[in-house]
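**Student:** Give me the fold of what follows.
(one chain, ligands or ions: 1)
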Amino acid sequence: MKNYDAVIFDLDGVITKTALVHAASWKQMFDEYLKLREQRDKELFKEFTHEKDYLPFVDGKPRYKGVESFLESRGINIPFGDPTDVPGEETACGLGNKKNVKFKSILEEKGAEVFDPAVALMKDLKANGIHIGVASSSKNCQLILQKTGLEDLFETRVDGVVSAEMGLKGKPEGDIFVTACENVGCTPDRAVVVEDAVSGVQAGKNGGFALVLGVAREGNDDDLKNNGADIVVNHFEGVNAQKIEEWLEEIKK
Ligand SMILES: [Mg+2]
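**Tutor:** Below is the predicted model of the structure:
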């Protein structure tokens, strides 16, 4: 391929169908917390919704950042706490940890499904000599890759665990995509980001990538376009190494 050397994929919602598991566990956790505030503080309960809360404030962000963003949107102030906080403690970390307990139990119980066309695309890229990496905010990234048998496909993994170790800023900053790109020996100006979250396409844009490919599986095409996606698809049928080359040609014009 003349125009690119690497493609860095987000995981949840792009390669695996874990986005819905995340959304469901966030909703359970936040609704329980908002109900507690109603009983204890006499605040009117307003449920956590997918459209108005999950997609704009939580989707794609690092766990504790997601907690903070949503609570801020509701005017709720609680301490950040510490990542070692007990799940359910009334801190951003405690609530985030509670969400993770719920997520892991759903994952253990139901496993994680894979979008087969995404795997086909990755194999086509590899066959064409393109480097591939995964960049996810999730601290469960490796567990999900193991559970789905995808771990060996990627040359590099920059996830929530690696980010914490390296002190990388989460999405919407571009750090984790840029780091993944550098790990496979490439530069962002010759690499592609594939993302399904608003915070993720912003990260691709902020990282200076040659192409940000948005995957709008929930009809949120416009949100992705308005936040940095150069091209938006609804699925990977018909997307292959050659198609990406053609998009890059178009963008150059
Ligand atoms: Mg995602």
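**Student:** Mind listing what's buried along stretch 212-221?
**Tutor:** By 16 or more other Cβ atoms under 10 Å, the buried positions in stretch 212-221 come out as Val212, Leu213, Gly214, Val215, Ala216, Glu218, Asn220. Just so you know, the C-beta spots here come from the backbone N, C-alpha and C atoms, and that holds for glycine as well.
**Student:** which other residues reach that stretch?
**Tutor:** Outside stretch 212-221, the residues that touch it by Cβ atoms under 8 Å, 6 or more residues apart in numbering are 13-14, 19, 55, 192-196, 198, 201, 204-205, 223-225, 228-236, 239, 244, 247.
**Student:** thinking again about what came up before, may I ask which two of the buried residues of stretch 212-221 are separated the most?
**Tutor:** Spanning the widest gap among the buried residues of stretch 212-221 are Val212 and Glu218, at 17.7 Å by Cβ to Cβ.
**Student:** quick one on the thing from earlier: which residue in the buried residues of stretch 212-221 has the weakest pLDDT?
**Tutor:** Lowest pLDDT among the buried residues of stretch 212-221: Glu218, with 84.
**Student:** separation between that one and the ion?
**Tutor:** Distance of Glu218 to the ion, computed by Cβ to the ion, to the nearest Å: 11 Å.
**Student:** so after the strand or helix carrying Met122, what's the next helix or strand?
**Tutor:** Using DSSP states H and E, Met122 maps to helix 116-127. Scanning forward in sequence from helix 116-127 by DSSP H and E, the next helix or strand is strand 131-135.
**Student:** buried residues in the helix or strand containing Lys35?
**Tutor:** Using DSSP H and E, Lys35 maps to helix 19-41. By 16+ other Cβ under 10 Å, the buried positions in helix 19-41 come out as Ala19, Val21, His22, Ala23, Ser25, Trp26, Lys27, Gln28, Met29, Phe30, Tyr33, Leu34.
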